[in-house]
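**Student:** Need coordinates for the below:
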Amino acid sequence: MLETDWMYKDYQITQAIDIHRRMVIFGECRSDDKPTAFLCGYYEPLLLKDAYSEMQTGDYLEMMELFLQRVQGQIDKVRAEQQEMDVPLDVITREMCVSYQENTGIRGQMVAIDPMRFRPEDRIGPKQIGYVIADQTPSKNSMVFRRLYDGREMCCFYGDILGVIKSEYQPDWAKEVVCQFEKNEKNRKGETR
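**Tutor:** Coordinates of the predicted model:
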């Protein structure tokens, strides 16, 4: 839980819990004309403008109860997402990887990203494991990888990589995804010739 001191209109946001890509916030109005006014809502920092949604006001106990319900709702969403994954969630550690040299090509390798680079609820194996698509980006100190669980392409710095996952620690589901990806790439390259 974050203790904060930012304002939303007349309300000082005193508590915020950041889970599942949005914050549940709690605030109080400290003006003389509203001594018992409290607020609960959602906050999402966006690129152009911060977004506040589902803002409600009331007395302390009802807003604190709503705050706790909304936090529980976010927890339930994370739990449901993880249960749908249907693969082991075990974290990949540095000991399960072979370190790499920054000047050594790692394109086409299965790598693990340091779990500390992710949000706390995303520090699970399926979100760490990627297949390196390009190991030299224009900045020369980062790489592009495809997260094997959901196919999302992402960029990260070499310092974010734990290493190339040792074959004995590569999950079977991830090996299958790599085989399918490589097969699709061969077919695609064959069609363009």
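**Student:** Can you tell me the element residue 61 falls in?
**Tutor:** Using DSSP states H and E, residue 61 maps to helix 60-85.
**Student:** For residue 98, list the residues it contacts.
**Tutor:** Going by C-beta atoms under 8 Å, 6 or more residues apart in numbering, residue 98 touches 163, 164, 165, 166. For every residue, glycine as well, the C-beta is placed using N, CA and C.
**Student:** Residue 26 too?
**Tutor:** 13, 14, 15, 16, 38, 39, 40, 63, 64, 67.
**Student:** Which single one of those is nearest to residue 115?
**Tutor:** Comparing those against residue 115 with C-beta to C-beta places residue 16 closest, at 22.7 Å.
**Student:** hang on, isn't the closest one packed against residue 39?
**Tutor:** No: taking contacts as C-beta atoms under 8 Å, residue 16 lies outside contact range of residue 39: 11.8 Å.
**Student:** any residues in contact with both of those two?
**Tutor:** Common contact partners of residue 16 and residue 39 (C-beta under 8 Å, 6+ apart): 25, 26.
**Student:** quick one, which of the two is more surrounded?
**Tutor:** residue 39 (24 against 18; other C-beta atoms under 10 Å).
**Student:** So what sits opposite the more buried one in the bridge?
**Tutor:** Legend: beta-bridge partners of residue 39 under DSSP bridges are residue 27, residue 57.
**Student:** Who are the contact partners of it?
**Tutor:** 8, 11, 13, 25, 26, 27, 28, 29, 55, 56, 57, 63.
**Student:** Might one say that residue 21 is in contact with residue 43?
**Tutor:** No: taking C-beta under 8 Å as the definition, residue 21 is not a contact partner of residue 43, at 11.3 Å.
**Student:** When the two are compared, which one has more neighbours?
**Tutor:** residue 43 (20 against 12).
**Student:** The more buried one is in contact with residue 49, isn't it?
**Tutor:** No: Residue 43 lies out of contact with residue 49 (C-beta under 8 Å); the separation is 11.8 Å.
**Student:** Show me the domain layout of the chain.
**Tutor:** Split into domains by automatic domain parsing, the chain comes to 2-85, 94-192.
**Student:** got those domains as TSV, with mean pLDDT columns?
**Tutor:** As requested, those are exported to TSV (pLDDT from 0 to 100):
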stretch	mean pLDDT
domain 2-85	89
domain 94-192	86
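**Student:** And what about residue 43, helix, strand or coil?
**Tutor:** Following DSSP: H, G, I helix; E, B strand; the rest coil, the label given to residue 43 is strand.
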